[in-house]
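Trainee: just coords:
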């Protein structure tokens, strides 16, 4: 893909039933590319309360359906055990497909049905 004279790669983002295709410059950080496109890898509570992409808070997780193998230690463990990978630790070097995941606040539980 090319856009404004620069080489780009296709980043496909799955957000619920929506499929969004973005043209991203190779070498871009996935978290930054998502945020610049108005797509948040965060839950509502962590949208403002996060580490800013330093790989410390583990709140920017996404599922990578097609893309690079994990390089960061956290992402290798997440990939091995089936957890979302940190978007702040992924570089978009080629075409990839990522899924934004539903985020829950730690410790939250389903409410039991109320009895009347």
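Mentor: Everything's here; your move. None of the values given here were measured: they were computed from a predicted structure. Numbers count the residues shown, from 1 in each chain.
Trainee: What are the boundaries of the helices in the chain?
Mentor: Ranges of helices within the chain are 30-36, 73-81, based on DSSP state H.
Trainee: Check these for me and report the most buried one.
Mentor: helix 30-36 (a mean of 20; mean count of other C-beta atoms under 10 Å). To be clear about C-beta, it is placed using only N, CA and C from the backbone, and glycine gets the same treatment.
Trainee: Residues contacting that helix, please?
Mentor: For helix 30-36, contacts defined as C-beta atoms under 8 Å, 6 or more residues apart in numbering pick out 11, 13, 22, 24, 40-41, 53, 60, 62, 86-88, 90-92, 96, 98, 100.
Trainee: Can you tell me which of those are buried?
Mentor: 11, 13, 22, 24, 40-41, 53, 60, 62, 86-88, 90, 92, 96, 98, 100 (16 or more other C-beta atoms under 10 Å).
Trainee: Of these, which belong to strands?
Mentor: Counting by DSSP state E, those place 11, 13, 22, 24, 62, 86, 92, 96, 98, 100 in strands.
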